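Student: this is a predicted model, with the sequence first.
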Amino acid sequence: MVMAFFVIYTRLTPFNEVALIRGGNHAAALSLGGALIGFSLTIASALLHTRDYYQFLEWAGGAMLVQVLAYNIATRLLKMSKDQIEADNSAFGGLLGAISVSIGLVNAGALS
């Protein structure tokens, strides 16, 4: 599930996180890392609190959708995310990562 989220998330963002990270871009690493951690928090909670794989997959799909929506809303409100990430603004990448972790914590809490 985490790999599926990684593939979907990196294809939906307006920049190539993997290429940026390979080039040493800290902002991209912080943003993507936060998204992966945020999604994984919900997945971990789903593993603990769901009765079967169908219910787990429903929560995982919902978590993916919420993470992507949160990213889209945050970047629209902040208006400069692509430029800031590509310019290696670590503060901005950290903020996007923190938003993703926060959303993941709320999702994980909704399961318990």
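Tutor: Structure received.

Student: check the gap between F6 and R76 for me.
Tutor: In this structure, F6 and R76 are separated by 22 Å, where distance is defined by Cβ to Cβ, to the nearest Å. Placement of C-beta: from N, CA and C, glycine included.

Student: please apply the same query to M1.
Tutor: Between M1 and R76 the distance is 26 Å, computed by Cβ to Cβ.

Student: of these two, who's got more company?
Tutor: For M1 against R76, the residue with the higher neighbour count under other Cβ atoms under 10 Å is M1, and the figures read 18 against 9.

Student: so who does the nearest residue to that one once chain neighbours are set aside touch?
Tutor: Sequence neighbours aside, A60 is the residue nearest to M1 in space, at 4.8 Å (criterion: Cβ to Cβ, 6 or more residues apart in numbering). For A60, the residues meeting the contact criterion (Cβ atoms under 8 Å, 6 or more residues apart in numbering) are 1, 42-43, 46.

Student: now swap in A63 and tell me
Tutor: Applying Cβ under 8 Å, 6+ apart, the residues near A63 are 5, 39, 42-43, 46, 104, 107.

Student: do A46 as well
Tutor: The neighbourhood of A46, defined by Cβ under 8 Å, 6+ apart, consists of 55-56, 59-60, 63, 111.

Student: nearest residue to it in space, please, no chain neighbours.
Tutor: W59 (4.0 Å).

Student: next: P14.
Tutor: The spatial neighbour of P14 that comes closest, neighbours along the chain excluded (Cβ to Cβ, 6+ apart), is K82 at 4.7 Å.

Student: stretch 34-54: which residues count as buried?
Tutor: Judged by neighbour count using 16 or more other Cβ atoms under 10 Å, the buried positions of stretch 34-54 are 34-36, 38-43, 45-46, 50.

Student: tell me the mean pLDDT over it?
Tutor: Confidence over stretch 34-54, taken as the mean pLDDT, stands at 94.

Student: dump it to PDB, keeping only the CA atoms.
Tutor: Once side chains and other backbone atoms are set aside, the C-alpha atoms of stretch 34-54 remain, and they are given as PDB (Å, rounded to 0.1, in the frame of the first residue of the first chain):
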ATOM      1  CA  GLY A  34       6.100  13.700   5.500                       C
ATOM      2  CA  ALA A  35       3.500  12.400   3.000                       C
ATOM      3  CA  LEU A  36       4.800   8.900   3.400                       C
ATOM      4  CA  ILE A  37       4.900   9.000   7.200                       C
ATOM      5  CA  GLY A  38       1.400  10.600   7.300                       C
ATOM      6  CA  PHE A  39       0.000   7.900   5.000                       C
ATOM      7  CA  SER A  40       1.800   5.100   7.000                       C
ATOM      8  CA  LEU A  41       0.300   6.300  10.300                       C
ATOM      9  CA  THR A  42      -3.200   5.700   8.900                       C
ATOM     10  CA  ILE A  43      -2.100   2.300   7.500                       C
ATOM     11  CA  ALA A  44      -0.700   1.300  10.800                       C
ATOM     12  CA  SER A  45      -3.900   2.300  12.600                       C
ATOM     13  CA  ALA A  46      -6.000   0.400  10.000                       C
ATOM     14  CA  LEU A  47      -3.900  -2.700  10.500                       C
ATOM     15  CA  LEU A  48      -4.700  -2.600  14.200                       C
ATOM     16  CA  HIS A  49      -8.300  -1.600  14.100                       C
ATOM     17  CA  THR A  50     -10.000  -3.200  11.000                       C
ATOM     18  CA  ARG A  51     -11.600  -6.600  11.000                       C
ATOM     19  CA  ASP A  52     -10.700  -7.800   7.500                       C
ATOM     20  CA  TYR A  53      -8.700  -6.900   4.400                       C
ATOM     21  CA  TYR A  54     -11.600  -5.300   2.700                       C
END
